[in-house]
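Colleague: Sequence and predicted structure below; questions after.
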Amino acid sequence: MSGGPRQLFDPEAPPEPAGSTTGLGTPEHEAEDRRGVHSIGGVYEQVEGALNMAFPRNRHLWVRGEIQHVSDHRSGHLYLSLVDPEDESPRRDRSRGGVPTLNVKCWRSSWAPLRHGLAKQGIELAEGMVVVLRGSLDLYRAKGEISLILAEVDVTALLGRLAAQRAQLLATLESEGLLRRNAGVPLPEVPLHVGLVASPGTEGCRDFLGQLTGSGFGFRISHVPVTVQGSGAASSIARAVTALSRSDCDVIAVVRGGGARADLAAFENEAVVRAIASAAKPVFTGIGHTGDESLADIVAARACITPTECGQQIVESTRLWWSEHVVEPAALLARRVPTYLSDAQSRDAQARGRLTAAARQQLRVHGERLAQKRASLGRAAPDRLASSAARLSAHAARLGPLSLGHLGRQDERLQSWRRLLAAYDVERQLERGYSLTLSTDGRLVRNAAGLSEGQEIVTRFADGTVRSRVLGKEAGGSE
């Protein structure tokens, strides 16, 4: 293969003259044409020269585009990718399978003051933002890349667009009935359960909590930690407000300490604004800025300029209730207690006087009745005693004969029992000729069946006893 440059095929080029060679061959008469072959560096020299002619370095150009990608590099440099806005992108570019992109660079020495100036205006470059930039074109030969070296940002145009977007969002919220919706959510009389949306450990968070803890009231804090600055701040704040709106807290406090206007961009975000506007609990904002109020402040139930004031407002709501329902009634009671006590003591003295008079009257009446009964008893006692003595004498006269008659009857009954017992006396029966047959252990033998041969028995008579032995038994008798 030849080491010469590869020739390109052009279908519209005129046919080569006879004797010429195509493909990889190199005819002798073309040797002088090699003088028209450019090196890579030569190509870029001509391209760069053409760029300088079209866009001189001493004359910057303005470019309008939509930020497709932004990278605030840790080295301090800024890198952007710009495309034509959706409504301005030429159709011919899209028909070729892509959208033209312009890379923008801003070196650290230029970007630091630009970023500071944008922050003062509350601007932070973000994807989707349409910007107007001024700078110079630069060809980076190592990658064959044309870039815009940023020198200035048209802040006036950018602020105008941001203001228009802000006004459009406010109009949309107004048409949806959300602009003042949260302001109509009633605040509990004693908002002791506070839902806090704040970055933990920050000065704004500490200032807010200091007001609550130093108030002397028993506040309960449900803190949802969030980031309040950066790309993920808006979604973090919106999720926290939504979560607390569904909880049992009384009021939601969204607080952040002071900072540049660009640092407060999250509180202009539509997701945060809608979360606050549609919250079921009243939202107090305490965003530490002294300029214009943010969209979050506008849709909130109450907007405070600092976290400290936000805490003071919540404490004041509780203090008003405490003053109205506790302090003032207590003070009124303290003023009226001496009068109440004096009136009560007067009524008590009057009641004691009435009770004393009534007691004395009762004692006097009962004393008189007692004296009458005593006199009556004194007069009736002799007659009663004489009558009782007569009745006693009569009873005594009747009691003697009755007692003697009763004793006589009992004596006769006793004699009758004695005669009956004497008739059944064993000794008397033995004297009449009867005998008793006993076993040797003293038990009475009632019949022959209870005896056995050879058994010793004892026969008792009136004048003594006889021992005998059973030799045998016969029916109807015994031996």
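Modeller: Now that the structure is in, tell me what you want to look at.

Colleague: Which helix runs longest in the protein?
Modeller: helix 328-423 (DSSP state H).

Colleague: Tell me the gap between that one and the middle of its chain.
Modeller: With CA atoms, centre = their mean, to the nearest Å as the basis, helix 328-423 stands 72 Å off its chain's centre.

Colleague: what's the following helix or strand after it?
Modeller: Downstream of helix 328-423, the next assigned helix or strand under DSSP states H and E is helix 426-431.

Colleague: Only alpha carbons, please: show whatever helix or strand comes next after that following helix as CSV.
Modeller: Next helix or strand after helix 426-431 toward the C-terminus (DSSP H and E): strand 436-439. Extracted in CSV, the C-alpha atoms of strand 436-439 (Å, rounded to 0.1, in the frame of the first residue of the first chain):
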residue,chain,number,x,y,z
LEU,A,436,-80.4,-64.5,137.0
THR,A,437,-78.0,-66.5,134.9
LEU,A,438,-74.9,-64.6,133.9
SER,A,439,-71.7,-65.5,132.0
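
Colleague: where along this protein do the helices fall?
Modeller: According to DSSP H, the helices that the chain contains are 40-54, 91-95, 108-120, 155-175, 203-213, 233-245, 270-277, 295-299, 307-322, 328-423, 426-431.

Colleague: Make CSV from those and add distance to residue 187 to it.
Modeller: C-beta: built from backbone N, CA, C; applies to glycine. Shown next, in CSV, are the helices of the chain (distance: least, CB to CB, whole Å):
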stretch, distance to residue 187
helix 40-54, 64
helix 91-95, 54
helix 108-120, 35
helix 155-175, 21
helix 203-213, 16
helix 233-245, 14
helix 270-277, 15
helix 295-299, 16
helix 307-322, 6
helix 328-423, 20
helix 426-431, 118
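
Colleague: Name the stretch from these where average model confidence is lowest.
Modeller: Of all the helices of the chain, the minimum mean pLDDT falls on helix 91-95 (a mean of 48).

Colleague: re the thing from before, can you tell me which of the helices of the chain comes nearest to residue 186?
Modeller: Nearest to residue 186, of all the helices of the chain, is helix 307-322, at 11.6 Å by CB to CB.

Colleague: isn't residue 148 right up against residue 106?
Modeller: No - Residue 148 is not in contact with residue 106 according to CB atoms under 8 Å; the separation is 9.2 Å.

Colleague: quick revisit: how about the helices of the chain in CSV, adding mean neighbour count?
Modeller: Shown next, in CSV, are these (neighbours: other CB atoms under 10 Å):
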stretch, mean neighbour count
helix 40-54, 12
helix 91-95, 9
helix 108-120, 14
helix 155-175, 14
helix 203-213, 19
helix 233-245, 21
helix 270-277, 22
helix 295-299, 23
helix 307-322, 20
helix 328-423, 10
helix 426-431, 12
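
Colleague: between these, which gets nearest to residue 191?
Modeller: helix 307-322 (5.7 Å).

Colleague: elements contacting that closest one?
Modeller: helix 203-213, strand 251-256, strand 283-287, strand 302-304 (3 or more CB pairs under 8 Å, 6 or more residues apart in numbering; DSSP states H and E).

Colleague: out of these, which comes closest to residue 141?
Modeller: strand 251-256 (46.8 Å).

Colleague: Now do that closest one against helix 307-322, angle only.
Modeller: 160 degrees (axes from the mean of the first three to the mean of the last three CA atoms, to 10 degrees).

Colleague: Once you drop chain neighbours, what's closest to residue 315?
Modeller: Leaving aside its chain neighbours, residue 315 sits nearest to residue 215 (4.4 Å; criterion: CB to CB, 6 or more residues apart in numbering).

Colleague: ok, the one you found - contacts?
Modeller: 315, 318, 319 (CB atoms under 8 Å, 6 or more residues apart in numbering).

Colleague: closest to residue 119 among those residues?
Modeller: Of the contacts of residue 215, the one sitting nearest to residue 119 (CB to CB) turns out to be residue 315, at 32.9 Å.

Colleague: any idea how far residue 205 is from that closest one?
Modeller: 16 Å (CB to CB, to the nearest Å).

Colleague: One more: residue 311?
Modeller: Counting by CB to CB, the gap from residue 311 to residue 205 is 10 Å.
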